[in-house]
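*Asks:* generate a structure from the sequence data that follows.
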Amino acid sequence: MSALSSSTKLKHFLLTTIPALGHIRAESGIVCELIKTEPHLIFTVLVPKFLAPVFSRELTQWSVTEADLARIRVATELREVYQLIIAQESITCTATDTVFDYKGITPPTAVFSDLFTPAFAPYIKEKTPDVKIVNLWIITSGSILWHHGKGEHGGLFEWEARTKAVFEKGEDCGRTFDEVAQSVWREPNSGKLLPNADGVKMYDYESYPQPSNGTPPVSMIMGAIRQATQFADASITATTSAFEPASSKLLNDWYEGELGKKVFNFGPLVPFSAAPYTTPPLPSQGPFQPIFSFLDSQPPKSVMLVSFGSIFFPSKGWQLEAVLKTLLEMRTPFILSRAPAMFQPLDPKLEETVKDSGLGLFVDYVPQRDILGHPNLGSFLTHGGNNSMWESIGAGVPNIFWPFDADQPIHAAYMTEVLDCSWELMQVRAGEGAQPPARGGKVEGTPDAVTAELKQILIDLKGEVGERKRKNLEAVRKQTLDALSEGGEVRKDVQAVLKLASGDA
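*Replies:* So this is what the prediction gives:
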């Protein structure tokens with residue numbers, strides 16, 4: 001523990017996260033940014049047992065020294081461990097059997113809480129009322145407003161109160177709280193335009209471009225809103241004000257002006273540098289060797305990466321099959337990730353055809369950022385999650401969006417229609433979301449329509465349209481680098497968070 005020896009009093013923060021790789025990656029970045037900036041800081045990270053090695057691995061993806069990493073303690077459990085930490089006793093990480101001694105170490109002055117660990121925030125305030133709660137939204141401002149903002153923002157801020165009002169009026173008709181809450185959330189979509197300060201035009205039903213995979217987790221989402229708007233002293237976003245200026249201002253006006261809380265923009269929360277991404281040296285043998293051998297064998301900017309993150313995957317087999325058949329017809333090489341939890345097996349005959357063509361590669365996991373950095377990667381067919389969107393911006397690789405849920409539809413519309421630096425597949429929409437889009441046109445939702453749409457995108461990628469979109473994407477990348485530079489917005493907000501979390505604000 002020599003790395004902690006100092007005559008200066010050590011600061012101490014704590015972070016809680018959830019079992020979602022996208023959240024872990026972003027939140028490891030928050031920890032590393034604060035650790036690098038404040039040399040007298042210890043960060044304790046509490047994760048579910050099976051995630052301890054995952055979080056530790058993600059920490060190494062950021063530019064941190066061994067001395068920095070020595071000040072980050074990844075442990076397990078939550079409430080039991082927190083009581084030992086504030087009592088300045090020892091704890092044991094049940095995943096690694098590492099013992100961390102907190103004797104003489106100041107109890108945490110701030111807890112950084114993932115938006116989906118809301119049950120921990122009231123517990124923290126009960127045990128340690130003076131500890132600051134920093135809510136981790138780790139999404140963009142426009143998405144925050146649509147999900148957690150007031151009704152006039154398109155959000156669910158009043159959702160809990162509206163649900164309770166149904167019971168107070170005796171209009172529950174014997175339904176459970178969750179059933180009433182679900183009916184309030186998913187009131188019949190009328191085709192009204194959703195509000196967006198930065199010019200995104202979407203009807204309410206376009207928030208669900210694919211059929212829902214289940215009912216909303218009412219208690220978790222209501223708890224997340226409660227954490228952000230009641231218990232939290234501040235929140236961190238994964239955006240910059242330059243990326244979405246009007247939405248960022250509106251969020252500030254509401255969250256700071258009306259609720260009296262602070263909001264800080266931490267930028268992309270993926271590794272992002274001035275130099276374009278480059279593929280790291282790889283061993284001649286290893287799990288990713290076939291991927292990069294395939295990439296190396298293709299022409300520059302020709303390969304399409306097809307990856308829907310760690311959860312989502314098309315539920316209707318014909319949609320993806322139409323896409324893959326079109327790629328084969330257009331002689332476009334591609335890599336398809338089969339990693340998502342919702343992965344649906346493809347037609348074995350199609351897989352065999354792809355294999356025989358030499359144009360496609362199916363893999364169980366992709367090192368996404370490294371693939372995006374390869375000079376032969378030309379486009380990215382993605383669900384449009386926050387990390388994927390920012391990684392593609394950092395790599396200068398245009399997106400072809402296929403959004404499913406959550407923050408993905410707004411990313412697709414904003415990047416495609418407002419910033420004009422990507423495309424969105426509209427003909428794959430299904431269910432309620434297949435109604436006429438606000439941007440015009442009609443969703444046919446057939447294999448022929450998907451094929452025609454994708455063919456045009458592939459043609460555009462190689463022509464003037466693709467050149468224009470790549471130029472616009474590069475402008476977004478440079479804009480983001482300015483926010484991340486010394487003296488830029490992100491650096492200032494990192495310093496401000498350190499001050500607030502240390503109790504110096």
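*Asks:* which residue ranges of the stretch 101-250 of the chain form helices?
*Replies:* In the stretch 101-250 of the chain, helices defined by DSSP state H, counting those that start in this stretch lie at 120-127, 141-148, 159-168, 177-185, 218-226, 245-252, listed in chain order.
*Asks:* for the third one, buried residues please.
*Replies:* In terms of neighbour count (16 or more other Cβ atoms under 10 Å), helix 159-168 has its buried residues at 159, 160, 162, 163, 166. Heads up, the C-betas are built off the backbone N, CA and C, glycines and all.
*Asks:* just to revisit the earlier point, do you know which of the helices of the stretch 101-250 of the chain lies nearest residue 101?
*Replies:* Of all the helices of the stretch 101-250 of the chain, it is helix 120-127 that lies closest to residue 101, at 20.7 Å by Cβ to Cβ.
*Asks:* switch the buried residues of helix 159-168 over to a markdown table; also include pLDDT.
*Replies:* Formatted as a markdown table, the buried residues of helix 159-168 follow (pLDDT from 0 to 100):
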| residue | pLDDT |
| --- | --- |
| 159 | 94 |
| 160 | 94 |
| 162 | 94 |
| 163 | 95 |
| 166 | 95 |
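*Asks:* okay if I get these as TSV plus distance to residue 302?
*Replies:* Output for the buried residues of helix 159-168, formatted as TSV (distance: Cβ to Cβ, whole Å):
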residue	distance to residue 302
159	46
160	50
162	51
163	51
166	55
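*Asks:* which of these sits closest to residue 393?
*Replies:* residue 159 (31.5 Å).
*Asks:* pretty sure that closest one is touching residue 223, no?
*Replies:* No: the criterion here is Cβ atoms under 8 Å, and residue 159 misses it with residue 223 at 11.5 Å.
*Asks:* which residues in the stretch 351-500 of the chain form helices?
*Replies:* 368-372, 386-395, 408-413, 447-461, 464-484, 489-501.
*Asks:* next, count neighbours for residue 274.
*Replies:* When neighbours are defined as other Cβ atoms under 10 Å, residue 274 has 9 of them.
*Asks:* scratch that, residue 22 is what I was asking about
*Replies:* Neighbours of residue 22 using other Cβ under 10 Å come to 20.
*Asks:* what's next to the one helix or strand it maps to, contact-wise?
*Replies:* Using DSSP states H and E, the element containing residue 22 is helix 21-37. The contact list for helix 21-37 (Cβ atoms under 8 Å, 6 or more residues apart in numbering) reads 13, 15, 17, 41, 43, 45, 47, 51, 54-55, 58-59, 61-64, 68, 71-72, 112, 114, 116, 136, 138, 236, 238, 266, 269-271, 309-310, 385-387, 494-495, 497-498, 501.
*Asks:* just want the angle from the following helix or strand past it to helix 21-37.
*Replies:* Sequence order places strand 41-47 as the next helix or strand after helix 21-37, per DSSP H and E. Interaxial angle, strand 41-47 versus helix 21-37 (axes from the mean of the first three to the mean of the last three Cα atoms, to 10 degrees): 170 degrees.
*Asks:* can you check what angle separates strand 41-47 from helix 489-501?
*Replies:* 90 degrees.
*Asks:* helices or strands up against strand 41-47?
*Replies:* Using 3 or more Cβ pairs under 8 Å, 6 or more residues apart in numbering; DSSP states H and E as the contact test, the elements touching strand 41-47 are strand 11-16, helix 21-37, helix 52-59, strand 72-76, helix 79-86.
*Asks:* shaky segments in the stretch 51-200 of the chain?
*Replies:* The model of the stretch 51-200 of the chain has pLDDT under 70 over residues 186-189.
*Asks:* let's see that with 80 instead.
*Replies:* The model of the stretch 51-200 of the chain has pLDDT under 80 over residues 77-79, 186-190.
*Asks:* for the stretch 201-350 of the chain, same thing?
*Replies:* The stretch 201-350 of the chain contains residues with pLDDT under 80 at 212-216, 274-286, 310, 339-343.
*Asks:* the strands in it, which residues?
*Replies:* For the stretch 201-350 of the chain, the strands defined by DSSP state E, counting those that start in this stretch cover 234-237, 262-265, 303-307, 334-337.
*Asks:* that older thread, could you dump the helices of the stretch 101-250 of the chain into a markdown table and include distance to residue 456?
*Replies:* Putting these into a markdown table (distance: least, Cβ to Cβ, whole Å) gives the following:
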| stretch | distance to residue 456 |
| --- | --- |
| helix 120-127 | 48 |
| helix 141-148 | 27 |
| helix 159-168 | 40 |
| helix 177-185 | 36 |
| helix 218-226 | 38 |
| helix 245-252 | 30 |
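*Asks:* thanks again, I'm all set now.
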